[in-house]
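> test case, fold it:
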Amino acid sequence: MSIRLIIDVDRCKGCELCLDICPRQVLVISKSLNTSGSHFPQMVPGRECSGCRQCAIICPEAAIEIERISSTQQGKAPGTSRLAKKIKDGTAYRTPIRQLTAQARRQGHLTRQDIRERLKTLLDDEINLDDFVLLFREKGIDVHD
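Next up is the predicted model:
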């Protein structure tokens, strides 16, 4: 299993908390600026993320995500599932998913009820609660019944 570090560059405010907390020191501050004029973190080439999620947990902007990739998923383009495609194509999904991800980081987990309440208007015959539970579990978020 490998780890993919996903940084939402434009959400980052440049606080550098993630750099200080990373046990493997895999992050450095970029010389580039994002749309808000902040320097943002980037991976050091050749260093491997352990997937400890400390950077994602400490990030006040929820700009960092850790994705665990199984050996069967390696080589596949991200976002190939039906749900991932629908989320990518529909901005209505992005905000509640980010809010739930931030909530999970604060609480340490989510419940099915949390997901149901936040996404009730977005659930339909094609995309159901179990799809979202799987999505969050794939992101390494513990979901309780």
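> now the helix or strand containing Y93: buried residues?
Element membership of Y93 [criterion: DSSP states H and E] is helix 91-107. Taking 16 or more other C-beta atoms under 10 Å as the basis for neighbour counts, the residues of helix 91-107 that come out buried are Y93, P96, I97, R98, L100, T101, Q103, A104, R105. Every residue, glycine included, has its C-beta placed from N, CA and C.
> output that helix as CSV, nothing but the C-alphas.
Output for helix 91-107, consisting of C-alpha atoms alone and laid out as CSV, is shown next (Å, rounded to 0.1, in the frame of the first residue of the first chain):
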residue,chain,number,x,y,z
THR,A,91,-20.0,21.2,-7.1
ALA,A,92,-23.0,20.5,-4.8
TYR,A,93,-21.0,17.6,-3.3
ARG,A,94,-17.7,19.4,-2.6
THR,A,95,-18.7,21.6,0.3
PRO,A,96,-20.5,19.0,2.4
ILE,A,97,-17.8,16.5,1.9
ARG,A,98,-15.1,19.0,2.9
GLN,A,99,-17.2,19.9,6.0
LEU,A,100,-17.6,16.2,6.9
THR,A,101,-13.9,15.6,6.5
ALA,A,102,-13.1,18.5,8.7
GLN,A,103,-15.7,17.3,11.3
ALA,A,104,-14.1,13.8,11.2
ARG,A,105,-10.7,15.3,11.8
ARG,A,106,-12.0,17.2,14.9
GLN,A,107,-14.0,14.2,16.3
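> how distant is it from the center of its chain?
If you compare the mean C-alpha spot of helix 91-107 with that of the full chain, they lie 9 Å apart, counting by C-alpha atoms, centre = their mean, to the nearest Å.
> one more: stretch 2-9?
Between the centre of stretch 2-9 and the centre of its host chain there is 8 Å, according to C-alpha atoms, centre = their mean.
> tell me the domain boundaries of this protein?
The record's domain parsing of the chain by automatic domain parsing lists 2-69, 82-144.
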